[in-house]
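1. what's the 3D shape of this:
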Amino acid sequence: MIKKLEIIFILFVLYATVANAQNINPTDDQVYIEREIMVIRMTMSAEDKAFLLHEDNKYSEVYVPADVTISNSQLDEEVLNVGVRLRGNSSRGHLKKAFKIDFKEFGGGKFHGYKKFNLKPDVNDPTLIRELLTMHLYRLMEVPAQRVTPVQLFMNEEYMGAYLNLEQIDDEFVDSRFGHEDGFLYKCAWGATLQDNGQVFNTNLFESKINEDTDTRAELEQFVKILNNTSDKDFVEEIEKVFSVDRYLRQMAVEALTGHWDGYSYNQNNFYLFYNEQTGLVEFLPYDTDNTWGISWGSRDWATRNLGSFYRAGNPRPLSSRILDVEAYKDTYFDYLRFLFENYFNEEYLYPIFDHYEALLDELIQADTYYSLGFGFSYEDFKSSYDFGKIDHVKYGLRGFLKTRTEYGLEDLPTILGVEDSGYALFPNPSDENRFYLQASTADLEVEVYTIDGRKLATEVNRAGSKKMEVSIRGGIQPGIYLIKIDQQLVKWVKK
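-> Residues are numbered from 1 along each chain as shown. Modelled structure (predicted):
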């Protein structure tokens with residue numbers, strides 16, 4: 001390990017904290033098993049099925065009664081007389097419908113502690129797993145986020161296709177993350193900019209979800225006033241009294257890295273806020289992350305957008321803009337991005353996950369006659385979208401997005417310690433090879449190479465001239481961020 005450096009390198013502490021922290025999110029249980037298929041069979045009257053699928057009823061909120069059988073490797077149970085209705089917003093216009101199951105709608109009880117299932121076909125995503133992947137990264141980064149499991153759905157024995165079942169964000173969700181339900185939960189819709197203009201009292205923008213009878217919105221209003229009106233001098237002290245800043249910095253890192261433009265920072269959309277009465281802090285909960293990993297409905301390329309300015313400049317986004325205006329917060333944000341690149345957002349971690357779901361969903365997609373009814377996707381599109389395929393609004397396949405986001409994103413990260421005034425230059429940086437060069441006034445520098453978590457790597461150092469050294473790393477290394485100790489200074493070096 002690096003010892004006795006005059007420079008205190010706080011990333012080591014940060015990375016150890018992230019890697020060893022008790023994650024706020026629960027792990028898989030009997031219901032939400034992320035890496036396997038859940039089978040759901042609905043049985044209802046022919047008339048009720050026709051009602052749910054009829055074009056004239058696409059905006060209906062009416063529940064119809066049904067019996068459901070739910071099975072996976074841990075359970076196989078029938079639940080009688082549940083409620084089923086359509087769900088979603090723009091997704092209602094597609095022939096492959098999204099459904100909500102409410103286990104209590106007609107007098108029943110919870111199913112293994114859950115009141116509702118959200119069955120989403122994510123018809124805009126040919127892989128079906130962009131939302132799953134993004135929520136997976138959020139949970140890894142200890143951001144309160146939904147659990148997800150793939151589903152094979154049948155209705156009156158008709159195969160309706162492949163779906164995702166996403167955990168309902170409600171009082172059970174809050175209790176499972178924070179250990180209680182004391183406080184207020186708001187579902188925030190498009191237009192919820194968090195400006196101090198009275199919008200927090202707009203129940204269409206901020207829909208109250210728990211403890212509505214005692215909610216005056218005073219705590220939400222106070223949070224927004226501090227966010228917008230506190231002076232720069234006092235901002236850090238005051239915002240940390242009312243908002244969970246560190247978890248939001250983690251959220252922004254995943255948001256930017258996955259190109260989640262349909263969230264708060266860019267599109268003022270798709271998030272929840274939870275006022276935690278026991279801590280006095282507002283918590284940010286991401287939501288609806290299917291428009292990620294290169295999906296774009298315009299000309300913007302989310303794989304190349306600068307990580308340092310992901311939020312929408314020129315439009316009010318005070319929660320992101322004011323926080324990133326604080327140098328210490330922005331440094332931590334970049335540190336979380338480095339942690340993601342090094343540990344999760346790379347080929348070594350993600351390629352096996354891509355391969356798993358491509359194989360897991362293969363037969364489900366081949367047999368899904370509703371799959372092509374959204375955007376005309378074919379089975380071949382499903383296969384290519386796990387790779388480098390591009391189809392209309394899907395600008396990148398998963399591997400293509402990962403490759404491009406990594407290449408551009410690593411260049412966006414600021415140098416940990418600069419070399420401008422140090423009397424030497426390190427190049428190339430980033431590099432495609434397992435070596436780099438040092439140009440200095442002398443070639444008698446002590447050079448060591450470390451992983452981002454402090455593990456020293458074996459190197460071979462050769463003179464390449466009177467004032468130039470070639471440093472090669474033995475045994476090969478994965479793409480990512482490395483630390484170069486040059487005498488008593490640390491410099492970031494990126495292997496592409």
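2. what about stretch 188-202, distance to the chain center?
-> On the basis of CA atoms, centre = their mean, to the nearest Å, stretch 188-202 sits 23 Å off its chain's mean C-alpha point.
3. Same question for stretch 101-119.
-> Mean C-alpha position of stretch 101-119 versus that of the full chain (CA atoms, centre = their mean) differs by 26 Å.
4. cool, stretch 445-452 as well?
-> Put simply, stretch 445-452 sits 32 Å off its chain's centre (CA atoms, centre = their mean).
5. for stretch 27-42, same thing?
-> Distance of stretch 27-42 from the chain centroid (CA atoms, centre = their mean) equals 20 Å.
6. buried sites along it?
-> Within stretch 27-42, the residues that count as buried by 16 or more other CB atoms under 10 Å are 31-34, 37-38, 40-42. Every C-beta, even on glycine, is put in place using the N, C-alpha and C of the backbone.
7. Now do the end-to-end distance for it.
-> Distance between the two ends of stretch 27-42: 27 Å, counting by CA to CA, to the nearest Å.
8. still on that earlier bit, tabulate the buried residues of stretch 27-42 (CSV), appending secondary structure.
-> CSV is the format used below for the buried residues of stretch 27-42 (DSSP: H, G, I helix; E, B strand; the rest coil):
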residue, secondary structure
31, coil
32, coil
33, coil
34, coil
37, coil
38, strand
40, strand
41, strand
42, strand
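9. Take those and write them to JSON lines, including pLDDT and distance to residue 409.
-> Output for the buried residues of stretch 27-42, formatted as JSON lines (pLDDT from 0 to 100; distance: CB to CB, whole Å):
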{"residue": "31", "pLDDT": "98", "distance to residue 409": "35"}
{"residue": "32", "pLDDT": "98", "distance to residue 409": "30"}
{"residue": "33", "pLDDT": "97", "distance to residue 409": "31"}
{"residue": "34", "pLDDT": "97", "distance to residue 409": "25"}
{"residue": "37", "pLDDT": "98", "distance to residue 409": "32"}
{"residue": "38", "pLDDT": "98", "distance to residue 409": "34"}
{"residue": "40", "pLDDT": "98", "distance to residue 409": "38"}
{"residue": "41", "pLDDT": "98", "distance to residue 409": "43"}
{"residue": "42", "pLDDT": "98", "distance to residue 409": "42"}
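10. Report the two of the residues you listed separated the most.
-> The most widely separated members of the buried residues of stretch 27-42 are 34 and 42, with 22.5 Å between them, by CB to CB.
11. still on that earlier bit, ok, of the buried residues of stretch 27-42, which one's closest to residue 221?
-> Closest approach between the buried residues of stretch 27-42 and residue 221, by CB to CB: residue 32, at 34.7 Å.
12. In space, what's closest to that closest one - neighbours in sequence excluded?
-> Spatial nearest neighbour of residue 32, chain neighbours left out: residue 147 (3.9 Å); criterion: CB to CB, 6 or more residues apart in numbering.
13. isn't that neighbour right up against residue 169?
-> No: shown here, residue 147 and residue 169 do not form a contact pair, counting by CB atoms under 8 Å, at 10.9 Å.
14. State the distance from the residue nearest to residue 32 to residue 327.
-> Distance of residue 147 to residue 327, computed by CB to CB, to the nearest Å: 35 Å.
15. Neighbour count for these two, which is higher?
-> For residue 147 and residue 327, the more surrounded residue by other CB atoms under 10 Å is residue 147, and the numbers stand at 22 against 8.
16. Run the chain-centre distance for stretch 115-125.
-> Here stretch 115-125 is found 17 Å from its chain centre; the criterion is CA atoms, centre = their mean.
17. Average pLDDT for that stretch, rounded please.
-> The predicted model gives stretch 115-125 an average pLDDT of 96.
18. Show me the contact partners of that stretch.
-> Here stretch 115-125 makes contact (CB atoms under 8 Å, 6 or more residues apart in numbering) with 40, 87-88, 91, 94, 96-104, 128, 130-131, 151, 153, 161-168, 170, 172, 290-291, 295, 370, 373-375, 385, 393-394.
19. Could I get the CA-only coordinates of it as PDB?
-> Below are the C-alpha coordinates for stretch 115-125, written out as PDB (Å, rounded to 0.1, in the frame of the first residue of the first chain):
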ATOM      1  CA  LYS A 115     -49.100  -5.000  -1.800                       C
ATOM      2  CA  LYS A 116     -48.500  -4.500  -5.600                       C
ATOM      3  CA  PHE A 117     -46.500  -5.700  -8.600                       C
ATOM      4  CA  ASN A 118     -45.600  -3.500 -11.500                       C
ATOM      5  CA  LEU A 119     -45.400  -5.400 -14.700                       C
ATOM      6  CA  LYS A 120     -43.600  -3.400 -17.400                       C
ATOM      7  CA  PRO A 121     -42.900  -4.500 -21.000                       C
ATOM      8  CA  ASP A 122     -40.400  -1.600 -21.600                       C
ATOM      9  CA  VAL A 123     -41.300  -1.800 -25.300                       C
ATOM     10  CA  ASN A 124     -38.800   1.000 -26.200                       C
ATOM     11  CA  ASP A 125     -35.900  -1.200 -25.100                       C
END
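20. What residues sit buried inside that stretch?
-> Residues of stretch 115-125 classed as buried by neighbour count (16+ other CB under 10 Å): 115-125.
21. try stretch 467-478
-> For stretch 467-478, by 16+ other CB under 10 Å, it's 469, 471, 473.
22. The first one against residue 460, yeah?
-> No: counting by CB under 8 Å, residue 469 does not reach residue 460; the two are 10.7 Å apart.
23. Overlap in contacts, these two.
-> By CB under 8 Å, 6+ apart, no residue touches both residue 469 and residue 460.
24. got any ranges where this protein has weak pLDDT?
-> 1-21, 415-423, 441-443, 453, 466, 488 (pLDDT under 70).
25. Taking the centroid of it, which residue is nearest it?
-> When the chain is reduced to its mean C-alpha position, the closest residue under CA atoms, centre = their mean turns out to be residue 134, at 3.5 Å.
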